[in-house]
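>>> no letters, just coordinates:
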């Protein structure tokens, strides 16, 4: 089983809709969870971090964490064409160890 | 401005040559990382360093070498022993955020070896 799994997509949503991106992880002891956005040809940009169960909202973005199900998701409300990018899920298994990244989900927002 | 710089943005080399990629940060971060990204492969960890004068191999360290003589700098050398060096190389650094290590990336260096 891969450590961090994401559906590669592409996930296509119409402009204004909610985009839902999902990620599962295998290490039950994982402590910190991150979402990065990567535009084509650019480096990843940190957009959300979440450390405890529940929801965390920042503008149009909401991260959701369920440690019992080993599941983390990212919701993007009112999706815009500028949100079209690859979204990487990353997990920190233990403090002091590098992040483990999923392969990313490509999101396409259709105007 | 605080941030992570990588140079050069594009690098071209002939097969058999060693090449060094630069990474500098002025964020006062203790930890620094090197990743490689290939199409469809995601990010793969090459080396990382938690403190000065100490570093650890990542998942794909063969054919690469690093040094960490200064907190701000973590250069990566791609040696001729690396079989498929053409890739997008990303440097990152991290601090101890609220509960976790939030990692920030530099702009990357795209290396092409022919």
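Yes, it's here. Values in this document were obtained by computation on a predicted structure and should not be read as measured data. Numbers count the residues shown, from 1 in each chain, chains lettered A, B, ... in the order given.
>>> which strand residues bridge the residue nearest in space to the middle of chain B?
Residue closest to the average C-alpha location in chain B (C-alpha atoms, centre = their mean): residue B:34, at 2.7 Å. According to DSSP bridges, the residues that bridge with residue B:34 are residue B:47, residue B:91.
>>> what's near enough to touch it?
B:21, B:23, B:45-48, B:58, B:64, B:66, B:74, B:76, B:89-92 (C-beta atoms under 8 Å, 6 or more residues apart in numbering or on different chains). The way it works is simple: take the backbone N, C-alpha and C, and place the C-beta from them, glycine included.
>>> and which of the residues you listed is nearest residue B:83?
For those, the minimum distance to residue B:83 (C-beta to C-beta) is 11.4 Å, reached by residue B:64.
>>> what separation do you get for that closest one and chain A?
15 Å (C-beta to the nearest C-beta, to the nearest Å).
>>> how about the residues of chain A by chain B?
A:31-34, A:36, A:42-46, A:49, A:51-52, A:88, A:90, A:92, A:95-96, A:98-99, A:101-104 (C-beta under 8 Å from any C-beta of the partner chain).
>>> quick check: chain neighbours aside, which residue is closest to residue 101?
In the absence of a named chain, chain A is used. Leaving aside its sequence neighbours, residue A:101 sits nearest to residue B:43 (C-beta to C-beta, 6 or more residues apart in numbering or on different chains; 4.4 Å).
>>> my bad, the chain I had in mind was chain B
residue B:94 (4.4 Å).
>>> got the contact list for the one you found?
B:29-33, B:101-104.
>>> strands paired with the least confident helix or strand in chain A by mean pLDDT, and their directions?
The helix or strand of chain A with the poorest confidence is strand A:100-101; it has a mean of 92 (mean pLDDT, DSSP states H and E). Next to strand A:100-101 in the sheet, as set by DSSP bridges, lie strand A:85-92 (antiparallel).
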